[in-house]
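*Asks:* everything below, folded, please.
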Amino acid sequence: MNEFLLFFRQPHYEYGQASEAQLLRLGKRWQDWINSLVARGKLVNHGQRLSMDGKVLRPGGVISDGPFTEIREKLGGFITVRAEDLEEATTLAHGCPSLDEGGSVEIRPIFE
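*Replies:* Numbers count the residues shown, from 1 in each chain. Okay, the predicted model is just below:
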């Protein structure tokens, strides 16, 4: 078995404007999806949610506020899964709540 990182990207993070009921529904969808990976023995690591704040350092010492000044989608977090190959890891990404919110899941192999 190989390990893969699944990065969750979303075009916006306006959760501060969501109702408590909407946040609870979204949290349940995430919990159900993660639990399905656990039940199949595919989840290696829950990863971490990432802050929307940060800095970007570019060549020449150029620093910009916020890592998302030039891109539409924001990286919100990641998990590590176990799969036979990239195809299976991609299949595991189906059902991710990021997809329901207009986001995407980037699947990347981890080299040993």
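*Asks:* against residue 105, how distant is the closest residue to residue 1 other than its chain neighbours?
*Replies:* Distances taken as CB to CB, 6 or more residues apart in numbering place residue 82 nearest to residue 1, at 4.8 Å, with adjacent residues excluded. C-beta here means a position set from N, CA and C on the backbone, and glycine is covered the same way. Between residue 82 and residue 105 the distance is 16 Å, computed by CB to CB, to the nearest Å.
*Asks:* now do the buried residues in stretch 47-55.
*Replies:* Residues residue 47 are the ones in stretch 47-55 that count as buried (16 or more other CB atoms under 10 Å).
*Asks:* could you number the chain from 760 rather than 1 from now on?
*Replies:* New numbering, starting at 760: the last item is stretch 806-814.
*Asks:* convert the C-alpha atoms of that stretch to PDB, please.
*Replies:* The C-alpha trace of stretch 806-814 is given here as PDB (Å, rounded to 0.1, in the frame of the first residue of the first chain):
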ATOM      1  CA  GLY A 806      -4.000  16.200   8.800                       C
ATOM      2  CA  GLN A 807      -4.800  19.700  10.000                       C
ATOM      3  CA  ARG A 808      -7.000  22.500   9.100                       C
ATOM      4  CA  LEU A 809      -5.000  25.400   7.900                       C
ATOM      5  CA  SER A 810      -5.300  29.100   8.800                       C
ATOM      6  CA  MET A 811      -6.200  31.500   6.000                       C
ATOM      7  CA  ASP A 812      -3.500  33.900   7.200                       C
ATOM      8  CA  GLY A 813       0.100  33.600   6.200                       C
ATOM      9  CA  LYS A 814       3.000  35.000   4.200                       C
END
